[in-house]
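> give me coordinates for this.
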Amino acid sequence: MCTLNIVKGLAVAAIILAAIAMALLWARSNPEDLPWTQLDLADPVGAFTGRKLSRLTGDTPLCRNLLDDAGIAYEALPPRDSGPNCSYSDATRPTAASGPQQVVLAPTDVTISCPVVAALSLWEWHSLQPAAIEHLGSPVARIEHYGGYSCRRMYGAETGRWSEHATADALDIAAFVTEDGRRVSVVSGWNGEADEQAFLRDVRDGACDLFATVLSPDYNAAHADHFHLDMARRGAISGGVCR
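Numbers count the residues shown, from 1 in each chain. Below you'll find the model as predicted:
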């Protein structure tokens with residue numbers, strides 16, 4: 001009986017060790033799905049990618065190192081001190097459409113934070129371009145936008161909460177232009193041709209895996225003509241808002 005118990009105990013121990021080994025192997029192969037691993041822009045988009053991107057707010061050196069490692073061309077803009085609600089220290093402007101970057105932002109003189117640039121890059125690689133090829137038959141060459149930094153409160157109100165635009169942590173996207181010249185705008189495409197509807201909803205949903213806030217025409221009339229994408233700090237803790 002004692003020998004049998006020992007054999008059973010060894011068998012249980014072997015099963016536990018095998019399970020631990022499999023868990024460790026899975027963890028090494030899927031760092032994007034673990035909350036404690038460091039973000040790498042070369043990894044696939046995982047369960048915690050969006051929160052890790054939000055955590056880059058306030059750590060400009062780490063964020064720009066990640067852009068460097070990924071080969072993303074950018075211009076580091078000087079800090080702006082316009083009071084406690086309208087300042088930024090990590091403004092980073094994409095400067096080229098080459099290498100891993102294929103999309104040009106238009107206008108090009110946009111002021112957005114480094115985490116927004118990082119999230120835009122992952123969005124392009126993992127969501128935007130695959131959706132464009134699938135639904136439109138051509139990759140996106142240009143993203144038209146309504147701007148990044150803007151010292152204002154939400155909805156331009158005189159009182160109330162300050163917008164993420166006030167710290168360069170947001171970008172409003174109006175339209176996409178493919179390499180073959182097709183322009184798909186949010187305002188006309190959201191309820192437009194079937195392929196445009198499918199494309200816009202796919203890229204909206206893909207953005208929700210990366211940005212702290214994604215607001216689309218499904219949210220309210222104020223967003224009927226654009227996607228609002230931002231990297232609010234709360235995204236690092238509570239996750240994203242997708243509407």
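> ranges for the helices of this protein?
Per DSSP state H, the chain carries helices over the ranges 2-29, 49-55, 60-69, 114-123, 129-136, 186-189, 194-208, 235-238.
> out of those helices, which gets the lowest mean score?
For the helices of the chain, mean pLDDT drops lowest on helix 2-29, to a mean of 50.
> so who does the closest residue in space to D90 that isn't next to it in sequence touch?
In this structure, D90 finds its nearest non-sequential neighbour in T60, 4.1 Å apart by C-beta to C-beta, 6 or more residues apart in numbering. Heads up, the C-betas are built off the backbone N, CA and C, glycines and all. Neighbouring residues of T60 by C-beta atoms under 8 Å, 6 or more residues apart in numbering: S89, D90, C114.
> mind checking which of those are buried?
Those of the contacts of T60 that meet the buried threshold are D90, C114, by 16 or more other C-beta atoms under 10 Å.
> I'd like the contacts of T60 laid out as JSON lines, including distance to A131.
Output for those, formatted as JSON lines (distance: C-beta to C-beta, whole Å):
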{"residue": "S89", "distance to A131": "33"}
{"residue": "D90", "distance to A131": "28"}
{"residue": "C114", "distance to A131": "25"}
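> so which of the contacts of T60 would you say is closest to P35?
When those are ranked by distance to P35 (C-beta to C-beta), C114 comes first, at 21.0 Å.
> my read: that closest one touches C63, true?
Yes - with contact defined as C-beta atoms under 8 Å, C114 reaches C63; the gap is 3.8 Å.
> and for those two, which residues touch both?
Shared contacts of C114 and C63 (C-beta under 8 Å, 6+ apart): L56, D90, T92.
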